[in-house]
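# how would this look folded up:
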Amino acid sequence: MANETVFKRYKGNPIITPKAVPRANSIHNSAIVSFNDGYAGIFRVDEVDFNFTMHVGRSKDGIKWEIDPKPIKMKCDDPEIPLAEERTYDPRLTKIEDTYYFTWCIDSAQGPCIGLATTKDFKVFHQMENIMPPANRNCVIFPRKIKGKYAILHRPSDMGHTPFGHIFYSSSPDLVHWGCHRFVMGTLRSGWQSTKIGPGPAPIEIKEGWLLIYHGVWTSCNGYLYYAGGAILDKEKPWKVLYRTKDYLLAPTEIYERVGDVPNVVFPSSAIVEGDKIRLYYGCADTCISMAEASLKDVIKFVKTHSF
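Numbers count the residues shown, from 1 in each chain. Here you go, the predicted structure:
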(Lines give C-alpha, C1' and ligand atoms only; values in the text may rest on other atoms or scores of the structure.)
Protein backbone atom coordinates (compact mmCIF):
# COMPACT_ATOMS: atom_id res chain seq x y z
CA MET A 1 0.00 0.00 0.00
CA ALA A 2 1.19 3.54 -0.81
CA ASN A 3 0.90 4.78 2.72
CA GLU A 4 3.19 1.99 3.91
CA THR A 5 5.93 2.19 1.28
CA VAL A 6 6.65 5.91 0.87
CA PHE A 7 6.09 7.90 4.06
CA LYS A 8 7.01 6.27 7.36
CA ARG A 9 5.15 7.61 10.38
CA TYR A 10 7.15 8.72 13.40
CA LYS A 11 6.75 6.07 16.07
CA GLY A 12 5.95 8.68 18.72
CA ASN A 13 2.96 10.16 16.86
CA PRO A 14 1.11 12.33 17.52
CA ILE A 15 3.89 14.80 18.34
CA ILE A 16 1.58 17.70 19.35
CA THR A 17 -1.72 17.36 21.19
CA PRO A 18 -4.10 19.89 22.79
CA LYS A 19 -2.18 19.50 26.05
CA ALA A 20 0.52 21.78 24.60
CA VAL A 21 -1.57 24.96 25.03
CA PRO A 22 -3.94 25.95 27.84
CA ARG A 23 -7.55 26.33 26.65
CA ALA A 24 -6.81 24.29 23.53
CA ASN A 25 -9.54 22.01 22.32
CA SER A 26 -7.34 20.93 19.41
CA ILE A 27 -4.07 21.82 17.65
CA HIS A 28 -3.79 20.84 13.99
CA ASN A 29 -3.18 21.97 10.36
CA SER A 30 -0.14 24.09 11.25
CA ALA A 31 2.95 25.56 9.54
CA ILE A 32 6.51 24.48 10.40
CA VAL A 33 9.88 25.53 8.90
CA SER A 34 13.59 25.24 9.61
CA PHE A 35 14.74 28.25 11.64
CA ASN A 36 18.25 29.08 12.86
CA ASP A 37 19.61 25.90 14.44
CA GLY A 38 16.19 24.33 14.95
CA TYR A 39 12.61 24.75 13.87
CA ALA A 40 9.82 27.28 14.24
CA GLY A 41 6.14 27.10 13.54
CA ILE A 42 2.79 28.84 13.56
CA PHE A 43 0.16 26.61 15.07
CA ARG A 44 -3.58 26.55 14.67
CA VAL A 45 -5.20 26.35 18.10
CA ASP A 46 -8.94 25.83 18.36
CA GLU A 47 -9.83 26.98 21.86
CA VAL A 48 -12.45 25.53 24.17
CA ASP A 49 -14.92 28.23 23.09
CA PHE A 50 -14.05 27.31 19.47
CA ASN A 51 -12.36 30.58 18.68
CA PHE A 52 -9.47 29.85 16.31
CA THR A 53 -6.11 31.47 17.10
CA MET A 54 -2.52 31.19 15.84
CA HIS A 55 0.45 30.64 18.16
CA VAL A 56 4.22 30.59 17.68
CA GLY A 57 6.11 27.42 18.53
CA ARG A 58 9.81 26.53 18.68
CA SER A 59 11.69 23.27 18.70
CA LYS A 60 15.28 22.04 18.59
CA ASP A 61 14.49 18.76 16.87
CA GLY A 62 11.12 19.38 15.21
CA ILE A 63 9.46 16.80 17.45
CA LYS A 64 9.40 18.23 20.98
CA TRP A 65 7.74 21.65 20.87
CA GLU A 66 7.20 24.62 23.12
CA ILE A 67 4.18 26.61 21.97
CA ASP A 68 3.44 30.12 23.23
CA PRO A 69 0.17 30.05 25.18
CA LYS A 70 -0.62 33.56 23.94
CA PRO A 71 -1.84 34.09 20.35
CA ILE A 72 0.19 36.04 17.80
CA LYS A 73 -0.31 39.82 17.88
CA MET A 74 -0.01 41.44 14.48
CA LYS A 75 1.38 44.87 13.62
CA CYS A 76 0.00 46.81 10.69
CA ASP A 77 0.62 50.32 9.39
CA ASP A 78 -2.71 50.51 7.58
CA PRO A 79 -5.74 51.09 9.87
CA GLU A 80 -8.03 49.89 7.08
CA ILE A 81 -6.75 46.33 7.44
CA PRO A 82 -8.52 44.49 10.30
CA LEU A 83 -5.93 42.82 12.51
CA ALA A 84 -6.04 39.05 12.48
CA GLU A 85 -6.68 38.17 16.11
CA GLU A 86 -9.73 35.91 16.08
CA ARG A 87 -11.14 33.21 13.82
CA THR A 88 -7.78 32.65 12.13
CA TYR A 89 -6.64 29.19 11.08
CA ASP A 90 -4.73 26.88 8.71
CA PRO A 91 -1.46 28.86 8.40
CA ARG A 92 1.19 28.09 5.76
CA LEU A 93 4.83 29.28 5.83
CA THR A 94 7.32 29.99 3.05
CA LYS A 95 10.82 31.46 3.28
CA ILE A 96 11.88 33.81 0.50
CA GLU A 97 15.44 35.11 0.95
CA ASP A 98 15.65 36.32 4.61
CA THR A 99 11.91 36.70 5.22
CA TYR A 100 9.22 34.25 6.24
CA TYR A 101 5.86 34.82 4.59
CA PHE A 102 2.80 33.19 5.95
CA THR A 103 -0.75 32.93 4.78
CA TRP A 104 -3.78 31.81 6.72
CA CYS A 105 -7.55 31.66 6.48
CA ILE A 106 -9.60 34.47 8.04
CA ASP A 107 -13.15 33.50 8.94
CA SER A 108 -14.78 36.81 8.01
CA ALA A 109 -18.47 37.68 8.03
CA GLN A 110 -18.45 37.46 4.24
CA GLY A 111 -16.80 34.05 4.19
CA PRO A 112 -13.25 32.70 4.45
CA CYS A 113 -10.48 34.79 2.87
CA ILE A 114 -6.69 34.67 2.76
CA GLY A 115 -4.49 36.80 5.03
CA LEU A 116 -0.79 37.54 4.58
CA ALA A 117 1.94 38.54 7.04
CA THR A 118 5.74 38.53 7.25
CA THR A 119 8.27 37.89 9.99
CA LYS A 120 12.03 37.50 10.26
CA ASP A 121 12.31 36.38 13.86
CA PHE A 122 8.93 34.83 14.78
CA LYS A 123 8.56 37.60 17.34
CA VAL A 124 7.31 40.54 15.28
CA PHE A 125 4.66 39.95 12.63
CA HIS A 126 3.68 42.53 10.03
CA GLN A 127 0.23 42.03 8.55
CA MET A 128 -0.28 43.01 4.91
CA GLU A 129 -3.25 43.30 2.58
CA ASN A 130 -5.37 40.16 2.26
CA ILE A 131 -4.32 38.15 -0.77
CA MET A 132 -7.77 36.97 -1.85
CA PRO A 133 -11.30 38.19 -1.07
CA PRO A 134 -13.98 35.81 0.19
CA ALA A 135 -14.40 33.02 -0.39
CA ASN A 136 -11.03 31.29 -0.55
CA ARG A 137 -8.95 28.82 1.48
CA ASN A 138 -5.72 26.78 1.49
CA CYS A 139 -3.23 29.27 0.07
CA VAL A 140 0.54 28.66 -0.20
CA ILE A 141 3.32 30.89 -1.56
CA PHE A 142 6.06 29.59 -3.84
CA PRO A 143 9.56 29.87 -2.28
CA ARG A 144 10.87 32.12 -5.06
CA LYS A 145 9.57 34.48 -7.72
CA ILE A 146 8.52 32.97 -11.03
CA LYS A 147 9.19 35.14 -14.06
CA GLY A 148 9.80 38.08 -11.73
CA LYS A 149 6.54 37.74 -9.79
CA TYR A 150 5.45 36.25 -6.48
CA ALA A 151 3.25 33.20 -6.99
CA ILE A 152 0.65 31.26 -5.01
CA LEU A 153 -1.53 28.20 -5.22
CA HIS A 154 -4.97 28.58 -3.68
CA ARG A 155 -8.44 27.09 -3.59
CA PRO A 156 -11.57 29.18 -4.10
CA SER A 157 -14.19 28.16 -1.57
CA ASP A 158 -17.61 29.20 -0.34
CA MET A 159 -19.20 30.23 2.97
CA GLY A 160 -20.06 26.67 3.92
CA HIS A 161 -17.94 23.55 4.31
CA THR A 162 -17.14 23.46 0.61
CA PRO A 163 -18.29 20.18 -0.94
CA PHE A 164 -16.15 21.10 -3.96
CA GLY A 165 -12.71 22.57 -4.64
CA HIS A 166 -10.08 23.06 -7.34
CA ILE A 167 -6.52 24.45 -7.21
CA PHE A 168 -5.63 27.71 -8.98
CA TYR A 169 -2.39 29.61 -9.59
CA SER A 170 -2.05 33.41 -9.28
CA SER A 171 0.85 35.85 -9.39
CA SER A 172 1.68 39.34 -8.13
CA PRO A 173 4.44 41.91 -8.67
CA ASP A 174 4.14 43.32 -5.15
CA LEU A 175 2.21 40.85 -2.90
CA VAL A 176 -0.78 43.22 -3.06
CA HIS A 177 -2.19 43.10 -6.57
CA TRP A 178 -2.92 39.55 -7.69
CA GLY A 179 -3.86 38.38 -11.17
CA CYS A 180 -2.97 36.09 -14.09
CA HIS A 181 -5.22 33.45 -12.53
CA ARG A 182 -4.71 29.98 -13.97
CA PHE A 183 -6.52 26.72 -13.34
CA VAL A 184 -4.08 24.04 -12.14
CA MET A 185 -6.11 20.93 -11.40
CA GLY A 186 -9.47 19.86 -10.06
CA THR A 187 -11.32 16.93 -8.58
CA LEU A 188 -11.72 13.58 -10.27
CA ARG A 189 -14.89 11.63 -10.90
CA SER A 190 -14.18 8.92 -8.37
CA GLY A 191 -11.75 7.97 -5.64
CA TRP A 192 -9.96 9.69 -2.78
CA GLN A 193 -9.83 13.10 -4.54
CA SER A 194 -13.34 13.23 -5.96
CA THR A 195 -14.98 15.75 -3.59
CA LYS A 196 -12.35 18.48 -3.30
CA ILE A 197 -8.62 19.08 -3.33
CA GLY A 198 -6.38 21.82 -1.94
CA PRO A 199 -2.69 22.77 -1.78
CA GLY A 200 -0.80 21.54 1.27
CA PRO A 201 2.79 22.58 2.08
CA ALA A 202 4.59 25.20 0.01
CA PRO A 203 5.74 23.73 -3.33
CA ILE A 204 9.21 22.17 -3.29
CA GLU A 205 11.53 23.01 -6.18
CA ILE A 206 13.08 19.91 -7.73
CA LYS A 207 14.93 19.23 -10.99
CA GLU A 208 11.73 18.17 -12.72
CA GLY A 209 9.73 21.23 -11.63
CA TRP A 210 7.73 21.78 -8.44
CA LEU A 211 6.72 18.96 -6.11
CA LEU A 212 3.30 19.68 -4.61
CA ILE A 213 1.84 17.64 -1.78
CA TYR A 214 -1.89 18.28 -1.62
CA HIS A 215 -4.95 16.98 0.18
CA GLY A 216 -7.80 15.17 -1.47
CA VAL A 217 -11.24 14.40 -0.06
CA TRP A 218 -13.63 11.55 -0.69
CA THR A 219 -17.25 11.60 0.49
CA SER A 220 -18.35 8.28 1.91
CA CYS A 221 -21.69 7.27 3.37
CA ASN A 222 -20.22 8.27 6.75
CA GLY A 223 -18.82 11.69 5.80
CA TYR A 224 -15.57 13.17 4.44
CA LEU A 225 -12.24 11.32 4.40
CA TYR A 226 -8.99 13.29 3.85
CA TYR A 227 -5.88 11.93 2.13
CA ALA A 228 -2.50 13.25 0.95
CA GLY A 229 -1.47 13.07 -2.69
CA GLY A 230 1.37 14.37 -4.83
CA ALA A 231 1.89 16.21 -8.11
CA ILE A 232 4.78 17.65 -10.10
CA LEU A 233 4.16 21.02 -11.77
CA ASP A 234 6.08 22.65 -14.60
CA LYS A 235 8.93 24.84 -13.29
CA GLU A 236 8.20 27.98 -15.32
CA LYS A 237 4.47 27.42 -15.85
CA PRO A 238 3.32 25.85 -12.56
CA TRP A 239 -0.30 25.76 -13.68
CA LYS A 240 0.70 22.92 -16.01
CA VAL A 241 0.58 19.54 -14.28
CA LEU A 242 3.26 17.08 -15.40
CA TYR A 243 2.39 14.24 -13.02
CA ARG A 244 -0.42 13.64 -10.54
CA THR A 245 -0.86 10.59 -8.34
CA LYS A 246 -3.80 8.31 -8.83
CA ASP A 247 -2.79 6.55 -5.59
CA TYR A 248 -2.58 8.45 -2.30
CA LEU A 249 0.68 9.06 -0.48
CA LEU A 250 -0.84 8.94 2.99
CA ALA A 251 -4.24 7.81 4.25
CA PRO A 252 -6.03 7.93 7.64
CA THR A 253 -5.24 4.47 8.99
CA GLU A 254 -4.00 5.07 12.55
CA ILE A 255 -6.29 5.57 15.55
CA TYR A 256 -5.14 9.20 16.04
CA GLU A 257 -6.01 9.89 12.37
CA ARG A 258 -9.36 8.14 12.50
CA VAL A 259 -10.67 9.38 15.87
CA GLY A 260 -11.02 13.06 16.78
CA ASP A 261 -13.15 16.15 16.25
CA VAL A 262 -13.31 15.35 12.53
CA PRO A 263 -12.63 11.64 12.00
CA ASN A 264 -10.62 10.12 9.16
CA VAL A 265 -8.36 13.05 8.33
CA VAL A 266 -4.71 13.38 7.31
CA PHE A 267 -4.13 17.00 6.30
CA PRO A 268 -0.59 17.78 5.00
CA SER A 269 0.39 21.36 5.88
CA SER A 270 4.21 21.52 6.15
CA ALA A 271 7.15 19.81 4.48
CA ILE A 272 10.82 20.31 5.31
CA VAL A 273 13.53 18.98 3.00
CA GLU A 274 16.89 18.14 4.56
CA GLY A 275 19.17 16.58 1.96
CA ASP A 276 17.25 13.64 0.51
CA LYS A 277 14.90 13.45 3.50
CA ILE A 278 11.48 15.04 3.42
CA ARG A 279 9.72 15.51 6.73
CA LEU A 280 5.96 15.90 6.40
CA TYR A 281 3.83 17.42 9.17
CA TYR A 282 0.12 16.82 9.00
CA GLY A 283 -3.05 17.38 10.99
CA CYS A 284 -4.83 14.31 12.34
CA ALA A 285 -8.62 14.15 12.70
CA ASP A 286 -8.63 17.95 13.24
CA THR A 287 -7.30 17.26 16.73
CA CYS A 288 -3.51 16.83 16.82
CA ILE A 289 -0.33 16.94 14.69
CA SER A 290 1.83 14.06 13.50
CA MET A 291 4.94 13.64 11.40
CA ALA A 292 6.11 11.20 8.72
CA GLU A 293 9.37 10.96 6.77
CA ALA A 294 10.39 9.73 3.35
CA SER A 295 13.20 9.86 0.85
CA LEU A 296 12.63 12.78 -1.51
CA LYS A 297 13.80 10.59 -4.39
CA ASP A 298 11.25 7.95 -3.43
CA VAL A 299 8.43 10.50 -3.29
CA ILE A 300 9.33 11.87 -6.73
CA LYS A 301 9.56 8.34 -8.14
CA PHE A 302 6.21 7.44 -6.59
CA VAL A 303 4.49 10.50 -8.07
CA LYS A 304 5.89 9.71 -11.51
CA THR A 305 5.12 5.99 -11.49
CA HIS A 306 1.68 6.20 -9.87
CA SER A 307 0.27 8.99 -12.04
CA PHE A 308 -2.54 9.03 -14.53
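
# tell me which element Glu257 is part of?
If you go by DSSP states H and E, Glu257 is part of helix 255-258.

# relative to Tyr282, how far out is the closest residue to Phe7 other than its chain neighbours?
Excluding the flanking residues, the one nearest Phe7 by Cβ to Cβ, 6 or more residues apart in numbering is Ala292, at 4.0 Å. Every residue, glycine included, has its C-beta placed from N, CA and C. Separation of Ala292 from Tyr282 (Cβ to Cβ, to the nearest Å): 7 Å.

# more neighbours: the two, which one.
Counted by other Cβ atoms under 10 Å, Ala292 and Tyr282 do not tie: Tyr282 has more neighbours, with 31 against 21.

# which residues does the more buried one bridge with?
With DSSP bridges applied, Tyr282 shows beta-bridge pairing to Pro268, Ser290.

# identify the contacts common to Ala292 and Tyr282.
Common contacts of Ala292 and Tyr282 (Cβ atoms under 8 Å, 6 or more residues apart in numbering): Leu250.

# what helices or strands is the helix holding Glu257 leaning on?
Here helix 255-258 touches strand 288-295, going by 3 or more Cβ pairs under 8 Å, 6 or more residues apart in numbering; DSSP states H and E.

# what are the buried residues along the strand it packs on?
Residues of strand 288-295 classed as buried by neighbour count (16 or more other Cβ atoms under 10 Å): 288-292, 294-295.

# out of those residues, flag the one nearest to Glu129.
Nearest to Glu129 among the buried residues of strand 288-295, counting by Cβ to Cβ, is Ile289 at 29.3 Å.

# that closest one: what's it in contact with?
Taking Cβ under 8 Å, 6+ apart as the contact definition, Ile289 lies against 14-16, 27-28, 30, 43, 281-283.

# could you list the buried residues of the helix holding Glu257?
256-257.

# give me the contact list for it.
The contact list for helix 255-258 (Cβ under 8 Å, 6+ apart) reads 13-14, 252, 264-266, 284-285, 287-288, 290.

# any of those residues buried? List them.
Neighbour counting over the contacts of helix 255-258 (16+ other Cβ under 10 Å) leaves 13-14, 252, 264-266, 284-285, 287-288, 290 as the buried ones.

# from the residues you listed, which is closest to Pro69?
For the buried ones among the contacts of helix 255-258, the minimum distance to Pro69 (Cβ to Cβ) is 17.2 Å, reached by Cys288.

# show me the contacts for Ala228.
By Cβ under 8 Å, 6+ apart, Ala228 lies in contact with 7, 200, 213-216, 248-251, 266-268, 280, 282.

# of those, which belong to strands?
In strands, judged by DSSP state E, the following of the contacts of Ala228 are found: 213-216, 266-268, 280, 282.

# Throw those residues into CSV and include distance to Gly260 and pLDDT, thanks.
Formatted as CSV, the ones in strands among the contacts of Ala228 follow (distance: Cβ to Cβ, whole Å; pLDDT from 0 to 100):
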residue, distance to Gly260, pLDDT
Ile213, 21, 98
Tyr214, 21, 98
His215, 16, 98
Gly216, 19, 97
Val266, 11, 98
Phe267, 11, 98
Pro268, 16, 98
Leu280, 18, 98
Tyr282, 13, 98
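
# would CSV of those with distance to Ile131 be doable?
Shown next, in CSV, are the ones in strands among the contacts of Ala228 (distance: Cβ to Cβ, whole Å):
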residue, distance to Ile131
Ile213, 21
Tyr214, 18
His215, 19
Gly216, 23
Val266, 26
Phe267, 20
Pro268, 20
Leu280, 24
Tyr282, 23
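
# of these, which pair is most distant in space?
Distance extremes for the ones in strands among the contacts of Ala228: the farthest pair is Gly216 and Leu280 at 15.0 Å, using Cβ to Cβ.
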